[in-house]
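Colleague: no sequence on hand, only this structure:
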């Protein structure tokens, strides 16, 4: 029996990021949002001021208002298909059912799709939490560093 040699393809090494970073959510119209990078959180969460469920062509969707800077200023209204509704336990141990959507995240010039839940984070320091499933295989967190990639401020590719 002959052995077939297949080339070894190595994945790029994970990039090092800080415990807080600027990132963008281009599909949602957010050029820049400050996020806490949290390996203790399984899922990612995004602050929304309000949300409204509806159906489009039989599929569940959600319309929501994002407030990326937490200032109370006018936010960005967006819509997305609801992937799922799941129970999420917050850091205080409270369980709530939240809608999950899929969107692109851009950090340090790279982008990929992530799942994120929509919730009220107005009492939190960061309007977004990037959880470990969004980072898996792509990012490593250095807790001694912050804002490794600087501010993004871009929506384009």
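Modeller: The structure has been received and is ready for your questions. Since the model is a prediction, treat every value here as computed from it, not as a measurement.

Colleague: hey, what's residue 130 bridged with?
Modeller: residue 37 (DSSP bridges).

Colleague: could you verify my assumption that it touches residue 44?
Modeller: Yes. Counting by CB atoms under 8 Å, residue 130 does reach residue 44; the two are 5.2 Å apart. Quick note: C-beta positions are derived from backbone N, CA and C, even for glycine.

Colleague: what is in contact with those two at once?
Modeller: residue 114 (CB atoms under 8 Å, 6 or more residues apart in numbering).

Colleague: number of residues surrounding residue 135?
Modeller: 22 (other CB atoms under 10 Å).

Colleague: picking up where we left off before, neighbour count for residue 130 and residue 44, which is higher?
Modeller: residue 130 (28 against 23).

Colleague: for the residue lying closest to residue 122 once chain neighbours are set aside, name its beta-bridge partners.
Modeller: Leaving aside its chain neighbours, residue 122 sits nearest to residue 47 (6.6 Å; criterion: CB to CB, 6 or more residues apart in numbering). With DSSP bridges as the criterion, residue 47 is bridged to residue 119.

Colleague: got a list of what residue 47 touches?
Modeller: Residue 47 neighbours (CB under 8 Å, 6+ apart): 66, 67, 68, 70, 119, 120, 121, 122, 124, 127, 128.

Colleague: strands of the protein, residue ranges please.
Modeller: Taking DSSP state E, the strands of the chain run over residues 15-18, 20-25, 30-38, 44-56, 59-66, 76-81, 84-89, 95-107, 110-119, 128-131, 139-142.

Colleague: give the contact list for the residue lying closest to residue 131 once chain neighbours are set aside.
Modeller: Nearest residue to residue 131 in three dimensions, chain neighbours excluded: residue 41, at 4.0 Å (CB to CB, 6+ apart). The neighbourhood of residue 41, defined by CB under 8 Å, 6+ apart, consists of 129, 131, 132.

Colleague: which of those residues ranks first by neighbour count?
Modeller: residue 129 (24 neighbours).

Colleague: need the pLDDT of it.
Modeller: pLDDT, residue 129: 96.
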